[in-house]
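1. got a sequence here, can you build the structure:
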Amino acid sequence: MGSYHGPKAKVQRRFGEVLVPRPKYQRVVEKRPYPPGHLGRDKQFRSRRRSDYGLQLDEKQKLAFIYNVREGQMRRYYLKAAKQPGPTGANMLVALECRLDNLVYRAGFAGTIWAARQMVSHKHILVNGRAVNIPSYSVRPGEIVTLRQRMHNNPQVEQWMTEAGTAPPYLTVDKNAFSATLERPPSREEIPVLINEQLVVEFYNRRT
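-> Alright, predicted model coming up:
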């Protein structure tokens, strides 16, 4: 499943919020707080009430953008989550959060989910000492994600790790060893994603 390569600031302007917490995107959204395109500045156009379907579609597209997942893969996450016990939306978010590329990003080894995906695809990431080049690989509790030795002195990686905030509580990061361990599946409250996942579930319920 391919990665999104389009203009990321433009996507976030369309939703009117910063979905990827980086200073450059914050500046763009604050400077141009309206959707892109020739109708973007039209207050009447922007103030129109969205339908329920439109709101559901927006949440689904935001979630896909945040985790850099395409539609076919998103639908498979939903179908799998719906078969598991517990809330479908929370199950879906937990599965997305435990993707290898996402944990590389959460650990601070990459500055964005897109950079994390590239690092995984280029075999710069090990899981329990073995190279894994599948971004969607589902990391299990107890597995150790490590950055290859040859990347330890990479200036970009050093900058990312310096700028990285505190890792989420379900992930233990050892910056000296360039490793991160998934201690347990995250709870919904611990996943730092401001999404109404119930709207995503309702979107897919319409289509099943």
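
2. from S179, how far off is the spatially most central residue of the chain?
-> Closest to where the C-alpha atoms of the chain average out (C-alpha atoms, centre = their mean) is Y67, at 2.6 Å. Per C-beta to C-beta, to the nearest Å, Y67 is found 22 Å from S179. For the C-beta atoms, the positions are set from N, CA and C on the backbone; glycine is no exception.

3. one more: P141?
-> Look at P141 and S179: by C-beta to C-beta, they are 15 Å apart.

4. which outside residues touch stretch 173-180?
-> 103-104, 106-109, 144-147, 151-152, 161, 167, 171-172, 181 (C-beta atoms under 8 Å, 6 or more residues apart in numbering).

5. that should have said stretch 132-148, apologies.
-> By C-beta under 8 Å, 6+ apart, stretch 132-148 touches 1, 3, 68-69, 73, 95, 98-101, 103-104, 107, 109, 116-117, 119-129, 131, 157, 177-185.

6. so which of those are in helices?
-> The helices, defined by DSSP state H, take in 73, 95, 100-101, 103-104, 116-117, 119-121, 157 from the contacts of stretch 132-148.

7. just the buried residues from those residues, in ChimeraX please.
-> Here is the ChimeraX selection string for the buried members of these, based on 16 or more other C-beta atoms under 10 Å:
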select :73,95,100,101,103,104,116,117,119,120,157
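
8. picking up where we left off before, report pLDDT for the residue nearest to the centre of the chain.
-> In this model, Y67 is scored at 95, pLDDT.

9. how is this protein divided into domains?
-> Using automatic domain parsing, the domain parsing of the chain gives 8-95+193-206, 99-184.

10. which strands and helices sit next to whichever helix or strand N205 is part of?
-> Using DSSP states H and E, N205 falls within helix 197-206. Under the contact definition 3 or more C-beta pairs under 8 Å, 6 or more residues apart in numbering; DSSP states H and E, helix 197-206 sits against helix 52-67, helix 71-82, helix 88-97.

11. many thanks, I have nothing further to ask.
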